[in-house]
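Undergrad: For reference, the sequence and a predicted model appear below.
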Amino acid sequence: MARRKTYSLVALVIAAAIIVVYFVVSLRSASRTGDVTTESEVTSTSPAAPSATTSITFPPPKGSAAGASKDRAWQTLQEYLTRARAHDIAGLKELSYQQSAACADPEKKEACFGLMDDVVELGKLMKENDYVHVWEDGKQIILATAPVRNDSGGSPAVFRGFIYFVKGPSNVLKILYFDPAQGWFYTGGQTDPDFVNRRLNSMVLDTDQDGLTDEQELCTGSYLNESDCTHTDQAVRDTDGDGWWDGVEFYFKK
């Protein structure tokens, strides 16, 4: 048996999910997707992951990009956090692809400011060097960390960070969604290390690198009979051909 969820970083991840809902898009799942990244052993290099770690071996990726696109995306995130720190509601709206009316309500302004403060604290856990993968085309960018094996929660687990961006007019980047510690947990009875590694590997596999795991797209494993299953093609980034990757489209408001 396997299950996936997001590791609780005190209450910051929960608070961040709320603020991203307010300014970006509704959070639909306590855990999200990932993919394989490196053939070397992965240990705890991400500050968003819990402290005690073991290691796991993953096969190599299909490819990663870096450079100017990553720099520009990271600068957008930092400006987003700066505006959150300044309680600049209008400024955050400019950098968000989607937003609800919640933080536009003057009567809820103080509560909205508190959520911004929580996001700023969460942002301190996100380090640029950890986001070693950049997937991009003309409409979207996904930054992703390497997966980090961490069993400190009592079950074998892998954590990974993601930041989703959408390209607007004039190629301006807007933030769609971010989570520094999405998690996948193995809770079955097998104790053989090789078996557990293989199972965790299958849980985070993202063949087409669209931001959704194969299991979420195929409705298998922990996504069996779950509403978060997308019924999309795990080998095609844009199943419906509308220009948006399946993993990006997952976070669009319906």
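TA: Nice, thanks for sending it over. Numbers count the residues shown, from 1 in each chain.

Undergrad: Model confidence score at the residue of the chain positioned farthest from its centre, please.
TA: In the chain, the greatest distance from the average C-alpha position (Cα atoms, centre = their mean) is reached by residue 107, at 30.9 Å. Note on residue 107: pLDDT of 90.

Undergrad: which SS class is it?
TA: Counting by DSSP: H, G, I helix; E, B strand; the rest coil, the backbone at residue 107 sits in helix.

Undergrad: That one and residue 121, how far apart?
TA: Note on residue 107: its distance to residue 121, by Cβ to Cβ, to the nearest Å, is 25 Å. No exception for glycine: its C-beta is placed from N, CA and C like everyone else's.

Undergrad: ok, now residue 233?
TA: For residue 233 relative to residue 121 (Cβ to Cβ), the value is 38 Å.

Undergrad: residues near residue 167, how many?
TA: Neighbour count for residue 167, taken as other Cβ atoms under 10 Å: 16.

Undergrad: Give me the neighbour count for the closest residue to it other than its chain neighbours.
TA: Closest residue to residue 167 apart from its sequence neighbours, by Cβ to Cβ, 6 or more residues apart in numbering: residue 139 at 5.4 Å. The local packing of residue 139 (other Cβ under 10 Å) involves 16 other residues.

Undergrad: how much space is there between residue 139 and residue 244?
TA: Per Cβ to Cβ, residue 139 is found 6 Å from residue 244.

Undergrad: wait, doesn't residue 215 sit right on residue 203?
TA: Yes - using Cβ atoms under 8 Å, residue 215 is in contact with residue 203, at 6.2 Å.

Undergrad: Of the two, give the one with the bigger neighbour count.
TA: Neighbour tally, residue 215 and residue 203, criterion other Cβ under 10 Å: the higher count belongs to residue 203, 26 against 23.
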